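Trainee: Give the three-dimensional model of this entry:
(one chain, ligands or ions: 1)
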Amino acid sequence: MHNIEITDKIQMVDLKTQYRRIKTEINEAIIEVIESAAFINGPKVKEFQANLEAYLGVKHVIPCANGTDALQIALMALGLKPGDEVIVPSFTYVATAEVIALLQLKPIMVDVRSDTFDISAEIIEKAITPKTKAIVPVHLFGQCCEMEGILSVAERHNLFVIEDNAQAIGSDYTFKNGSSKKAGTIGHIGTTSFYPAKNLGAYGDGGAIFTNDKALSEQIRMIANHGQSKKYYHSVIGCNSRLDSIQAAILDIKLKYLDDYAHRRNKVADYYDSALKELNGIQIPYRHENSNHVFHQYTILVKNGKRDALRQYLNERGIPTMIYYPVPLNKQKAFEHYVDKALKLPVTEMLCDSVLSLPIHTETNDGLLKFITEAVKSFYD
Ligand SMILES: *Cc1c(COP(=O)(O)O)cnc(C)c1O
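Mentor: Residues are numbered from 1 along each chain as shown. Next up is the predicted model:
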């Protein structure tokens with residue numbers, strides 16, 4: 001019975017308990033926006049923008065409606081031509097590649113490293129053609145890609161770098177010379193998502209675009225606002241993508257806790273690491289020397305074709321798990337006209353068959369983690 005009591009509470013992400021801890025502050029901020037009736041582009045949006053710029057150490061943050069729009073607008077700002085090639089990992093969320101296809105650009109899907117699950121300079125270099133114009137590295141699961149190498153390939157081939165930072169906001173990347181930058185502020189443009197389950201989650205949809213380039217920031221802001229240069233004067237075809245004031249007010253409060261949230265996620269990851277590292281059947285997450293991890297997900301690699309059996313075993317014990325991601329993007333039906341059928345990405349395929357994400361969030365406790373890790377260990381007994 002004791003176990004059932006614990007398992008009743010196990011969730012991949014516990015947003016209700018997180019809310020309860022900051023409820024008074026959040027409720028007051030929401031009511032303030034409602035009473036001001038400044039729902040769209042109100043002062044809260046500008047305050048959050050300024051606070052996020054300061055937190056990230058980036059010159060320009062442009063809030064928008066969601067992380068997918070952020071990627072789309074970033075690409076639109078580059079002035080690319082139909083058929084231009086954009087390199088993306090095949091092991092990512094669909095949004096990263098979807099927006100490329102939507103803009104009539106060509107997604108060039110590449111494999112990832114089997115340790116970091118991210119793309120690398122070597123992988124990118126092999127995929128470059130005269131038509132390549134941009135690279136979209138994805139800081140998957142909360143840790144930066146090997147950006148120094150990626151930036152140098154990009155520079156050599158004159159390519160734009162757009163970081164899909166939906167999963168790694170708050171993570172720091174350290175260069176060989178010792179300087180460091182926040183994830184999403186390293187390339188030409190960075191994008192993020194404030195989807196509720198993301199590390200900096202709103203209570204609805206939201207997203208943002210980051211850049212240090214003034215001209216790009218102006219272009220991005222214009223595109224996100226109907227291509228408008230001055231009220232009712234439209235210079236380019238844009239879209240309507242806004243972060244609403246209530247979400248901005250919520251995010252502005254949660255931003256103050258972001259480092260604490262990352263710390264809490266790291267404590268969960270440390271617990272999992274030490275409990276699971278001795279299991280031969282499992283590869284625990286790679287820890288990059290040059291990037292700290294904010295553990296959007298704690299994703300293990302389950303060896304010997306045992307992933308689905310382990311998942312089932314944990315599920316029977318009330319422990320939820322998720323598979324991010326079950327199908328390589330190049331194998332998705334939606335992309336059949338964009339990728340060569342014969343394209344083989346062996347690491348991505350192996351990962352899709354082997355990865356398993358365990359519950360990780362800001363509200364766990366040692367009892368819960370013990371229960372989860374004991375269950376994983378007992379599968380291997
Ligand atoms: C969540 C996510 C997105 C999309 O964000 P939305 O706000 O849901 O549109 C894009 N890329 C990655 C890697 C993501 O995890």
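Trainee: residue contacts, residue 73?
Mentor: Residues near residue 73 by Cβ atoms under 8 Å, 6 or more residues apart in numbering: 62, 64, 209, 220, 223, 224, 239, 241. Yep, even glycine has a C-beta here, placed from its N, CA and C like the rest.
Trainee: Please indicate which of those residues are buried?
Mentor: Buried members of the contacts of residue 73, counted by 16 or more other Cβ atoms under 10 Å: 62, 64, 209, 220, 223, 224, 241.
Trainee: one step back: can I get the contacts of residue 73 in TSV with secondary structure?
Mentor: Formatted as TSV, these follow (DSSP: H, G, I helix; E, B strand; the rest coil):
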residue	secondary structure
62	strand
64	strand
209	strand
220	helix
223	helix
224	helix
239	coil
241	coil
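Trainee: and which of the residues you listed is nearest to the ligand?
Mentor: residue 64 (9.4 Å; Cβ to the nearest ligand atom).
Trainee: Ramachandran angles for the residue lying closest to that closest one once chain neighbours are set aside?
Mentor: Closest residue to residue 64 in three dimensions, ignoring its sequence neighbours and counting by Cβ to Cβ, 6 or more residues apart in numbering: residue 241, at 4.1 Å. According to degrees, to the nearest 10, the main-chain angles of residue 241 amount to phi -140, psi 100.
Trainee: wouldn't residue 241 be in contact with residue 226 here?
Mentor: No: taking contacts as Cβ atoms under 8 Å, residue 241 lies outside contact range of residue 226: 9.5 Å.
Trainee: Any chance of the contacts of residue 73 in a markdown table with pLDDT and distance to residue 303 as columns?
Mentor: Putting the contacts of residue 73 into a markdown table (pLDDT from 0 to 100; distance: Cβ to Cβ, whole Å) gives the following:
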| residue | pLDDT | distance to residue 303 |
| --- | --- | --- |
| 62 | 98 | 43 |
| 64 | 98 | 40 |
| 209 | 98 | 39 |
| 220 | 98 | 43 |
| 223 | 98 | 45 |
| 224 | 98 | 44 |
| 239 | 97 | 44 |
| 241 | 98 | 42 |
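Trainee: Residue numbers of the stretch 101-250 of the chain in contact with the ligand?
Mentor: Taking Cβ under 6 Å from any ligand atom as the measure of proximity, the stretch 101-250 of the chain contacts the ligand at 138, 164, 166, 167, 193, 195, 205, 207.
Trainee: Could you identify the most distant pair in those?
Mentor: The most widely separated members of those, counting by Cβ to Cβ, are 138 and 205 (19.4 Å).
Trainee: Looking at these two, which is more packed in?
Mentor: Between residue 138 and residue 205, residue 138 has the larger neighbour count (other Cβ atoms under 10 Å), namely 25 against 18.
Trainee: Low-confidence stretches in this protein?
Mentor: Residues of the chain that meet the criterion pLDDT under 70 lie in 1-8.
Trainee: rerun at 80
Mentor: Judged by pLDDT under 80, the chain has its weakly predicted residues at 1-9.
Trainee: can you tell me the residue of it closest to the ligand?
Mentor: In the chain, the residue found nearest to the ligand is residue 67; the distance is 2.5 Å by Cβ to the nearest ligand atom.
Trainee: Surely that residue touches residue 194?
Mentor: Yes: here residue 67 lies in contact with residue 194, judged by Cβ under 8 Å, at a distance of 7.5 Å.
Trainee: May I have the phi/psi pair for residue 40?
Mentor: The phi/psi pair for residue 40 (degrees, to the nearest 10) reads phi -110, psi 130.
Trainee: from memory it sits against residue 241, does it?
Mentor: No: taking contacts as Cβ under 8 Å, residue 40 lies outside contact range of residue 241: 12.0 Å.
Trainee: my read: residue 90 touches residue 325, true?
Mentor: No: here residue 90 does not reach residue 325: they are 9.3 Å apart, not a contact under Cβ under 8 Å.
Trainee: where along the chain do the strands fall?
Mentor: Taking DSSP state E as the criterion, the chain contains strands spanning 60-64, 85-89, 106-110, 132-135, 160-164, 172-174, 180-182, 189-193, 207-211, 228-230, 233-234, 282-283, 298-302, 355-358.
Trainee: deepest of those strands, which one?
Mentor: Mean neighbours per residue, mean count of other Cβ atoms under 10 Å, is largest over the strands of the chain for strand 189-193, with a mean of 31.
Trainee: Which strands border that strand, and is each parallel or antiparallel?
Mentor: strand 160-164 (parallel), strand 207-211 (antiparallel) (DSSP bridges).
Trainee: now the first one and strand 85-89, what's the angle there?
Mentor: By that I understand strand 160-164. With axes from the mean of the first three to the mean of the last three Cα atoms, to 10 degrees applied, the angle from strand 160-164 to strand 85-89 works out at 30 degrees.
Trainee: Domains in this protein, by residue range?
Mentor: Described in terms of automatic domain parsing, the domain architecture of the chain consists of the residue ranges 19-110+117-255, 257-379.
Trainee: Highest mean neighbour count out of those domains?
Mentor: Scoring the domains of the chain by mean count of other Cβ under 10 Å, the most buried comes out as domain 19-110+117-255, with a mean of 20.
Trainee: Quick check: end-to-end length of that one?
Mentor: Distance between the boundary residues of domain 19-110+117-255 (Cα to Cα, to the nearest Å) amounts to 13 Å.
Trainee: Could you do stretch 170-185 as well?
Mentor: Stretch 170-185 has an end-to-end distance of 11 Å (criterion: Cα to Cα).
Trainee: So residue 140 sits against residue 91, correct?
Mentor: Yes: applying Cβ under 8 Å, one finds residue 140 in contact with residue 91, separated by 7.3 Å.
Trainee: Report the set of residues contacting both of those two.
Mentor: Taking Cβ under 8 Å, 6+ apart as the contact rule, residue 140 and residue 91 both touch 112, 117.
Trainee: Would you mind getting the angle between the helix of greatest length in the chain and strand 207-211?
Mentor: The helix of greatest length in the chain, counted in residues with DSSP state H as the criterion, is given as helix 245-276. Compare the direction of helix 245-276 with that of strand 207-211 by the same axes, to 10 degrees and you get 80 degrees.
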